[in-house]
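Q: Using only what follows, build the 3D model:
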Amino acid sequence: MPATEFSAGGVVVNDAHEIVVIVPTRRSADGSKVLALPKGHPDGSESPVQAALREVREEAGVEAEVVSSLGEVRYWYQRGGRRIAKVVEFFLLRYVSGDVDDHDHEVEHARWIPATQAVEALTYAGERDMVREALARLEQDRPADGL
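A: From the prediction side, this is the model:
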């Protein structure tokens, strides 16, 4: 039976509709750099929301608040010759405070990029889908002009 892993992450959006992205120190399987959303495993009894908020704070240096759940990304990967099923639950988060230069040692750098650029630039398709979903939710919540 394959091993399974769970992580939680965030699509953090600021008032300029930029998304915070990270370049982790850990490379992809082919050794190339990865452009990703902040995410990680829950610590102890943390809920997925608590884990996502903590990971955003640690990996991207920013504090955020939860707007809504965006859904899950599911994929398989190999580690040490073992096949692992991975589930990552993502949340739409609103930027509150902090500086992307204040990230931890697991991240080479963090930065803000326009959300529309993130849809193209993120390394993994599932994360690009989460940004698309975040943009759709933000568009839905926008008041109509003139009202």
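Q: Could you pull up the contacting residues of the spatially most central residue of the chain?
A: Centrality entry for the chain: nearest residue to the mean C-alpha point is Leu37, 3.0 Å, by C-alpha atoms, centre = their mean. Applying C-beta atoms under 8 Å, 6 or more residues apart in numbering, we find Leu37 in contact with 9-11, 19, 21-22, 90, 122, 127, 130-131. Where C-beta positions appear, they are placed from N, C-alpha and C, glycine not excepted.
Q: Just the buried ones from the residues you listed?
A: Neighbour counting with 16 or more other C-beta atoms under 10 Å marks 9-11, 19, 21-22, 90, 122, 127, 130-131 as buried within the contacts of Leu37.
Q: now those in CSV, with secondary structure?
A: Shown next, in CSV, are the buried ones among the contacts of Leu37 (DSSP: H, G, I helix; E, B strand; the rest coil):
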residue, secondary structure
Gly9, strand
Gly10, strand
Val11, strand
Ile19, strand
Val21, strand
Ile22, strand
Phe90, strand
Leu122, coil
Glu127, helix
Met130, helix
Val131, helix
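Q: Could you dump these into a markdown table and include distance to Gly61?
A: Listed next are those as a markdown table, based on distance: C-beta to C-beta, whole Å:
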| residue | distance to Gly61 |
| --- | --- |
| Gly9 | 15 |
| Gly10 | 13 |
| Val11 | 16 |
| Ile19 | 14 |
| Val21 | 12 |
| Ile22 | 9 |
| Phe90 | 19 |
| Leu122 | 19 |
| Glu127 | 19 |
| Met130 | 20 |
| Val131 | 19 |
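Q: of these, closest to Ala110?
A: Of all the buried ones among the contacts of Leu37, Ile22 has the smallest distance to Ala110: 4.7 Å, by C-beta to C-beta.
Q: Any figure for the gap between that closest one and Gln117?
A: Between Ile22 and Gln117 the computed distance is 15 Å (C-beta to C-beta, to the nearest Å).
Q: ok, back up a step: tell me the pLDDT at the residue nearest to the centre of the chain?
A: Listed pLDDT for Leu37 reads 97.
Q: separation between it and Gly80?
A: As defined by C-beta to C-beta, Leu37 lies at a distance of 25 Å from Gly80.
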